[in-house]
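> make a model of this:
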Amino acid sequence: MNSRRALLACGLVLAVGTATAPAQAAEDPVFTGPFSSVAIRGTDPVAYFSEERPVEGSRDFAFDWRGATWRFSSQANLDAFQADPERYAPQYGGYCAWAVANGYTASTDPEAWTIYEGKLYLNYSLSVQAQWEEDIPGNVQRADQNWPGVLER
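Residues are numbered from 1 along each chain as shown. Presented below is the predicted three-dimensional model:
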């Protein structure tokens, strides 16, 4: 009988505790994937600008910024990012820019990228990137209006 009461009491505490837990954002401000803390799948964000292609970052050149670990292919790229992360970090926390323009978040493929007006935009896939590129200025305008509120949805 006592174990039954204890079980019921634990259930009640659990139910009350979860009902009063504060709401949290549905998504993190930087895309890392569900089981990782590494930003943009470990791709070096500076390389998009300096090498004009995605380059895998290294654990040897890592930097924690905005709750995520960013990886770089060289000390020079790490130093550049540390000096001005806003310049190199992808827009919308590395979430798919087309998705954000359309009111939701989605993961990204490092191969699907665009630099527009000096800013890096990532997309879910190459086919989504083609849709993004049909109206980059309009998509940026809509995404800017949706960001960061889209994280709460």
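
> restrict stretch 77-93 to CA atoms and write it as PDB.
These are the backbone C-alpha positions of stretch 77-93, laid out as PDB (Å, rounded to 0.1, in the frame of the first residue of the first chain):
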ATOM      1  CA  ASN A  77      40.000  31.400 -40.700                       C
ATOM      2  CA  LEU A  78      39.400  30.900 -36.900                       C
ATOM      3  CA  ASP A  79      41.100  34.300 -36.200                       C
ATOM      4  CA  ALA A  80      39.000  36.000 -38.900                       C
ATOM      5  CA  PHE A  81      35.800  34.700 -37.400                       C
ATOM      6  CA  GLN A  82      36.800  35.600 -33.900                       C
ATOM      7  CA  ALA A  83      37.500  39.100 -35.000                       C
ATOM      8  CA  ASP A  84      34.100  39.600 -36.700                       C
ATOM      9  CA  PRO A  85      31.700  36.600 -36.400                       C
ATOM     10  CA  GLU A  86      28.700  38.600 -37.700                       C
ATOM     11  CA  ARG A  87      30.600  39.100 -41.000                       C
ATOM     12  CA  TYR A  88      31.100  35.300 -41.600                       C
ATOM     13  CA  ALA A  89      28.300  33.500 -39.800                       C
ATOM     14  CA  PRO A  90      25.400  32.400 -42.100                       C
ATOM     15  CA  GLN A  91      22.200  34.400 -41.800                       C
ATOM     16  CA  TYR A  92      19.300  33.000 -39.700                       C
ATOM     17  CA  GLY A  93      21.600  31.000 -37.500                       C
END
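
> tell me the mean pLDDT over it?
The average pLDDT within stretch 77-93 is 98.

> pull out the buried positions in that stretch.
Neighbour-count burial for stretch 77-93 flags 77-78, 80-81, 88-93 (criterion: 16 or more other C-beta atoms under 10 Å). The way it works is simple: take the backbone N, C-alpha and C, and place the C-beta from them, glycine included.

> one more: stretch 31-50?
For stretch 31-50, by 16+ other C-beta under 10 Å, it's 31-32, 38-49.
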